[in-house]
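Undergrad: Requesting a structural model of the entry that follows:
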Amino acid sequence: MKEHEERVEEAAMEEIEKEVATASGEEGQSETVVDHAEQIEDEASEVLEAEESAEVLSGENASNEDPIDQIDNLKKHDAAVLLIAKTKSMVDDTEKQLDECKLLLQEDLKRYDEAKASLKEHALKESEALLEELGYDKEEDVHEEDDVVFEPKDEIPSFYVREVSKGKFTSSLLALIGGIVTFAGLAYFAAQKVGVPLDITKVPNHEAVTKVFGWYATLFGGKPDLFMGGAFVLIATLFVMVLIYGIRVASRASRNLAFAKQQMEEAQEYAKHKGSCKEEMDKVDAHMNEAIKVLKTYEVVLQEQNGKLKRILHIEGVQETPSKYHEKSQRELKDTDMLINAIKKFTGISMSEEGKLSGKSTLFLHSAKSKLQKFLDRHY
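TA: A predicted model of the protein is given here:
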């Protein structure tokens, strides 16, 4: 990719040099040459950007491939293990992103509280006190709630990804039990055929064992033989054990794969839900950052207004009615009251409503910004 970029840049430079050489001595065409050179550079940049975008998209397509499509050529248990690993990665990434978003939101909440407290202590309280001292009747009494910012909605419990196993231990145990039953059954069947009574409380002697297991040699047309009959019983027992073990492991692998697919689907729904929570938190984060800027601007503006109110109080004194103040002073009183009402309406509304960004909070923030902008437009 780097070599290709160098080739494109070299070609662009050669083209530029040709244009400059052709136009040498022709001053009237210098601007045209420069414009054309810039056009060539722009086109080269567009080519490089297009190729980079194509590479990024191809990488995204590869990473966004459905995990189910990646297990076609794998054994069932291996496919289940792969799906479990991808499910874990998906859940971990989701939780990590959400935790980072929560941490960012907590920092924003702290900054918002600080900006709100600073506005109240350094400007708002004094503005209200000066208006009251000047005898200005407020348009309306805005009740400001304390500590009402953002309350997230109750979240669903964390998703726990369960592991899968081949079940080798239980399969071996079942195979062993099946082998013991098979061995005992074959021994009992042969004992019934040769008429040898079996007493499980005593260890059978060599003669009884020879008669019982040697009988199986006669099934192949031979004479009773302990070695051949015992080998047959042993092979039959091992065959049953292997069969039970294989069926058990294969059945477990099928169940594991089905479980892994189901767990993957549940994890995708979980990630989708958490993703929507993160999107909502991102909206609140943007809303809160904008609110912090507005609060800081209101603090500066109200501090400036407080200076004007102090000047009015010092020069004009306290009048019986607001209408007796100078016309410009009346305007300053009205503007200050308007700004106070606008910002108190916003800070008195919770930013959350059922775990989502409150429409009222957005509306009052827009109103506070609009009134602030109108005020600034009259002065600047």
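Undergrad: Secondary structure element holding residue 100?
TA: helix 76-119 (DSSP states H and E).
Undergrad: Just the buried positions in whichever helix or strand comes after that helix, please.
TA: Per DSSP H and E, the first helix or strand lying C-terminal to helix 76-119 is helix 125-133. For helix 125-133, a neighbour-count test (16 or more other CB atoms under 10 Å) marks 126-128, 130-131 as buried. Yep, even glycine has a C-beta here, placed from its N, CA and C like the rest.
Undergrad: Just the strands from this protein, written as ranges.
TA: Assigned by DSSP state E, the chain shows strands spanning 352-353, 356-357.
Undergrad: just the ones you listed: most buried one?
TA: Most buried of the strands of the chain, by mean neighbour count (mean count of other CB atoms under 10 Å): strand 356-357, with a mean of 18.
Undergrad: which residues sit against that strand?
TA: With contact meaning CB atoms under 8 Å, 6 or more residues apart in numbering, strand 356-357 is reached by 153, 280, 283-284, 287, 351.
Undergrad: Relative to that strand, what are the paired strands and their orientations?
TA: Strand 356-357 sits in its sheet next to strand 352-353 (antiparallel), going by DSSP bridges.
Undergrad: where does the strand it pairs with sit relative to the chain's centre, distance-wise?
TA: Relative to its chain's centre, strand 352-353 lies at 21 Å (CA atoms, centre = their mean, to the nearest Å).
Undergrad: Dump stretch 341-349 to CSV, restricted to CA.
TA: The C-alpha atoms that make up stretch 341-349 are tabulated as CSV, following Å, rounded to 0.1, in the frame of the first residue of the first chain:
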residue,chain,number,x,y,z
ASN,A,341,-35.9,31.7,34.6
ALA,A,342,-34.5,30.0,31.5
ILE,A,343,-31.6,28.4,33.3
LYS,A,344,-33.5,27.4,36.4
LYS,A,345,-36.2,25.7,34.2
PHE,A,346,-33.5,23.6,32.6
THR,A,347,-31.6,22.7,35.8
GLY,A,348,-34.9,21.9,37.6
ILE,A,349,-35.7,19.1,35.1
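Undergrad: would you list every one of the helices in the stretch 101-250 of the chain?
TA: With DSSP state H, counting those that start in this stretch as the criterion, the stretch 101-250 of the chain has helices at 125-133, 168-194, 206-214, 226-315.
Undergrad: what packs against the longest one?
TA: Right, the one you point to is helix 226-315. Helix 226-315 sits against helix 76-119, helix 125-133, helix 168-194, helix 206-214, helix 327-347, strand 356-357, helix 359-379, with contacts defined as 3 or more CB pairs under 8 Å, 6 or more residues apart in numbering; DSSP states H and E.
Undergrad: looking at those, which is closest to residue 294?
TA: helix 359-379 (5.8 Å; CB to CB).
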